[in-house]
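J.: any chance you can model this:
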Amino acid sequence: MEELPDYEGPVEGDHLLDVLVSRHRFPSGAEHGGGLLIRDIKEEHWADPQIRQQIIQQIDARTAEGLGNHFYDSKNTFQEDAGKCWKEHNRTKNCGDYMSDRKRLLPDTRAERKEAGLDYKNRPNTFLCNFCPYHQIVEQRRNKAKYYDYNE
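T.: Okay, here's the model as predicted:
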């Protein structure tokens, strides 16, 4: 079970969903052929551990295969990946990879975009960095320069 930031718009425009779907493959590399179950859950409900457990139990009960709760361990993939990256950078306060092309979140749809006549270079600009603790440092620095004097 993957957590995604809320997206307000048609599902076709949700590139973070496309990124996660493109990662779901069998060990052989083949794509999963199964359907996708997407639910919009209020943040305050998901934040409450008891309500979250009830939601997971309802999903389990409605899943035809009855895959069990171990299958439904929830994770906020992008936040976890960003946290690992930040730790690999020794919890930096000045990251050299910040917003680099290596950290851009892109679905594996280049061939499909090309086939459809779409410019495969003109794609969304969301980075793993947007989910990283270092991003908060950058935002604080930006806001300090704009609005605040933290020394007061």
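
J.: from here on, just use CA atoms for contacts and neighbour counts.
T.: OK.

J.: burial measure for Asn122, as a count.
T.: Summarising burial for Asn122: neighbours were counted as other CA atoms under 10 Å, giving 7.

J.: again but with Leu105, I slipped
T.: A total of 21 residues lie near Leu105 under the criterion other CA under 10 Å.

J.: which residue is the nearest non-sequential neighbour of it?
T.: Phe127 (5.2 Å; CA to CA, 6 or more residues apart in numbering).

J.: who does the one you found bridge with?
T.: Taking DSSP bridges as the rule, Phe127 bridges to Arg104.

J.: mind checking what secondary structure the residue positioned nearest the centre of the chain has?
T.: For the chain, Phe78 is the residue whose C-alpha lies nearest the centre (CA atoms, centre = their mean; 3.8 Å). For Phe78, the assignment made with DSSP: H, G, I helix; E, B strand; the rest coil gives helix.

J.: and the one 4 residues further on, by the same measure?
T.: Using three-state DSSP, the secondary structure recorded for Ala82 is helix.

J.: quick check: it touching Phe127?
T.: No. With contact taken as CA atoms under 8 Å, Ala82 and Phe127 are classed as non-touching, separated by 9.5 Å.

J.: so how far is Glu12 from the residue nearest to Leu105?
T.: Taking CA to CA, to the nearest Å as the criterion, Phe127 is separated from Glu12 by 19 Å.

J.: settle it for me: which of the two has more neighbours?
T.: For Phe127 and Glu12, the more surrounded residue by other CA under 10 Å is Phe127, and the numbers stand at 20 against 8.

J.: residue contacts, the more buried one?
T.: When contacts are counted by CA atoms under 8 Å, 6 or more residues apart in numbering, Phe127 touches Met99, Lys103, Arg104, Leu105.

J.: nearest to Glu44 among the residues you listed?
T.: Comparing the contacts of Phe127 against Glu44 with CA to CA places Leu105 closest, at 26.6 Å.

J.: wait, doesn't the closest one sit right on Thr126?
T.: Yes. Between Leu105 and Thr126 there is a contact under CA under 8 Å: 5.7 Å.
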